[in-house]
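**Q** Whatever this is, show me its structure:
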Amino acid sequence: MMPEDIARTMTGKFEARPDGRQAVLPASTVQNHAAFLSRLPGGSLVCAWFGGTLEGKSDISIHAALLDPDAEAWGEAVRLTDDPDRSEQNPVIFVTPAGEILLFNTAQPAGNQDESRVFMRRLTLEGGRLAAAEARDTGLPPGTFVRAAPYVRDDGAWCLPLFRCNPRPGIRWTGAFDTAAVAVSMDDGESFEVVDIPGSEGAVHMTPVSLGGDEMIALYRRRQADFVHRSESHDGGRSWSAPAPTDVPNNNSSVNAVRLEGNVVAMVCNPVSAAQSDARRASLYDELEEKDGRPEAAEGCNPIWGVERAPLTLCLSGDGGRTFPVRYTIEESPGTCLTNNSLDGRNKELSYPVLLPRADGGLDIAYTLYRRAIRHVALDAETVAGLVAQVPDRRT
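**A** Coordinates of the predicted model:
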């Protein structure tokens, strides 16, 4: 499938597939990446992502579309942000306990993730369309990134998962010093305290999952492109163990996870590692015109870029995310990601997935389709139940 073929499918209309249905979301931008799903008060599904011409350029902004209950097609995309000087990335939509809708996103100059800021906006529904209020800087340290939804502790604290592209004076960002953390707010987002995850060098895109009571796990993407990593909390997300490897390979690309019925953890990812691939690129931003003459880090972890971002796979665990014996392919492709260009047909990645359980027992999954578009796959309840039934040893 070439970019022009994808463009013709970007209508938002659903088509059937054997395990449910799927649609490609409408978008006016030629590059679309990093989908995020959330259920809004009233039942509408919202998908947010970033779009523009090329990741890292200042025309990259946050966009979103709505799928109303029982609708047969997604609504038109709206742009929610427009910073003229920064690349706005990684949207996270959070419905607060009070019912407010908040948008968190990052904003960085060019490819300098170590200069990123995190902004927060209130969203409202006006005439069936999302509208964004003025942005507020969260005050989190430079180099802070978000990707996963916040969790709310039993004391009411908001806990926003972070990864920190820790700045090093005179050194160009490559991911070598990235770590994980949680931003904790006791005042409904007015201020945040950063709590670092121990031993998390190279572990990013922290995705927390509640296992019930005070038991939680978190799953992580790895800069080293080795394995998805996992940490534990036994106090409701107040403290976390150091991340340790699971049995699922990781390609230094995003993962996302939720808990299903029957003590099953579901994770969607690209289960491929650097050990399985010779594909490499210099960095994530090696195509930007803005050149950075600073040297790369000689220390830290060894980030690996360019490992294929496919297949897109749903992985199921019955032992609290330690192992994932059931693996179901959502979509296959070559996964080539040695370029971020979304118009010349060389990028074939199926990446940055997000998943959300439905009340009917199905699963909504959204992900990047060759960086040209966002695809939504709605797995039906029968398919999900059949996969869950295959999971052995369902315990925490």
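
**Q** Please work out how many residues are found near A275.
**A** 11 (other C-beta atoms under 10 Å). Placement of C-beta: from N, CA and C, glycine included.

**Q** so it touches D226, yeah?
**A** Yes. With contact defined as C-beta atoms under 8 Å, A275 counts as touching D226 (7.2 Å).

**Q** Please enumerate the shared neighbours of those two.
**A** P249 (C-beta atoms under 8 Å, 6 or more residues apart in numbering).

**Q** Neighbours of the nearest residue to P392 once chain neighbours are set aside, how many?
**A** Among residues not flanking P392 along the chain, G318 sits closest, at 5.8 Å (C-beta to C-beta, 6 or more residues apart in numbering). G318 is flanked by 22 other residues according to other C-beta under 10 Å.

**Q** again, but for the one 10 residues further on
**A** Per other C-beta under 10 Å, the neighbour tally for Y328 reads 17.

**Q** Quick one: residues contacting it.
**A** Counting by C-beta under 8 Å, 6+ apart, Y328 makes contact with 313-316, 387.

**Q** what helix or strand does it sit in?
**A** Y328 belongs to strand 326-331 when assigned by DSSP states H and E.

**Q** Just the C-alpha atoms of that strand, please, in CSV.
**A** C-alpha atoms of strand 326-331 as CSV (Å, rounded to 0.1, in the frame of the first residue of the first chain):
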residue,chain,number,x,y,z
VAL,A,326,-0.7,-15.6,23.7
ARG,A,327,0.1,-13.4,20.7
TYR,A,328,-2.3,-12.3,18.1
THR,A,329,-1.4,-10.4,15.0
ILE,A,330,-3.5,-7.3,14.3
GLU,A,331,-1.7,-6.3,11.1
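
**Q** Sheet-wise, list the partners of the next helix-or-strand element following that strand with their directions.
**A** Downstream of strand 326-331, the next assigned helix or strand under DSSP H and E is strand 350-357. Strand partners for strand 350-357, identified by DSSP bridges, are recorded as strand 363-369 (antiparallel).

**Q** Give me the contact list for the strand it pairs with.
**A** Strand 363-369 is contacted by residues 6, 24-25, 32-37, 45, 47, 49, 266, 268, 312, 314, 330-331, 349-358, 374-379, 384 when judged by C-beta under 8 Å, 6+ apart.

**Q** Mind doing that once more with 7 Å?
**A** Residues outside strand 363-369 that contact it (C-beta atoms under 7 Å, 6 or more residues apart in numbering): 6, 24, 33, 35, 37, 45, 47, 268, 312, 330, 349-358, 374-379, 384.

**Q** that older thread, from the contacts of Y328, which single one is nearest S241?
**A** Nearest to S241, judged by C-beta to C-beta, of those is C315 at 20.9 Å.

**Q** which non-adjacent residue is nearest that closest one?
**A** In this structure, C315 finds its nearest non-sequential neighbour in F324, 3.8 Å apart by C-beta to C-beta, 6+ apart.

**Q** Could you measure from that neighbour over to W158?
**A** 29 Å (C-beta to C-beta, to the nearest Å).

**Q** ok, the two, which is more surrounded?
**A** Looking at F324 and W158 with other C-beta under 10 Å, you find the greater number of neighbours at F324, namely 25 against 21.

**Q** dump the residue contacts of the closest residue to W173 other than its chain neighbours.
**A** Nearest non-adjacent residue to W173, counting by C-beta to C-beta, 6+ apart: D114, 4.2 Å away. Residues in contact with D114 (C-beta under 7 Å, 6+ apart) are 142-143, 165-167, 173.

**Q** Over to L37?
**A** 45, 47, 354, 356, 364, 366.

**Q** got it, and D196?
**A** Contacts of D196 were listed using C-beta under 7 Å, 6+ apart, and they are 179, 181.

**Q** Next: A27.
**A** 10, 51, 63, 77, 373.

**Q** do that again at 10 Å, thanks
**A** A27 makes contact with 7, 10, 12, 49, 51, 63, 65, 76-77, 372-374, according to C-beta atoms under 10 Å, 6 or more residues apart in numbering.

**Q** quick one: what helix or strand has it in it?
**A** Here A27 is assigned to no helix or strand, by DSSP H and E.

**Q** Please tell me how far it sits from P243.
**A** The gap separating A27 from P243 is 34 Å, by C-beta to C-beta.

**Q** Got the confidence number for P249?
**A** P249 carries a pLDDT score of 99 in this model.

**Q** Specify the beta-bridge partners of it.
**A** F227.

**Q** What degree of burial does it show, as a neighbour count?
**A** With other C-beta under 10 Å as criterion, P249 counts 21.

**Q** Please name the residues that touch it.
**A** By C-beta under 10 Å, 6+ apart, the residues touching P249 are 222, 225-228, 269-277, 307.

**Q** cool, and E100?
**A** 41, 94, 122-124, 188-189.

**Q** swap in L103?
**A** 36, 38, 46, 48, 62, 64, 80-81, 91-94, 119-123, 130, 132-133, 135.

**Q** Surely R294 touches G170?
**A** Yes. The pair R294 and G170 passes the contact test of C-beta atoms under 10 Å, sitting 6.1 Å apart.

**Q** more crowded one of the two?
**A** Between R294 and G170, counting by other C-beta under 10 Å, R294 is the more crowded of the two (12 against 7).

**Q** returning to that earlier point: sheet-wise, list the partners of the strand holding Y328 with their directions.
**A** strand 312-317 (antiparallel).

**Q** Convert the C-alpha atoms of the partner strand to CSV, please.
**A** Taking C-alpha atoms only, strand 312-317 is exported to CSV below (Å, rounded to 0.1, in the frame of the first residue of the first chain):
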residue,chain,number,x,y,z
LEU,A,312,1.5,-5.0,15.3
THR,A,313,0.7,-7.7,17.9
LEU,A,314,-1.7,-8.1,20.8
CYS,A,315,0.0,-10.0,23.6
LEU,A,316,-1.8,-11.5,26.5
SER,A,317,-0.5,-12.4,30.0
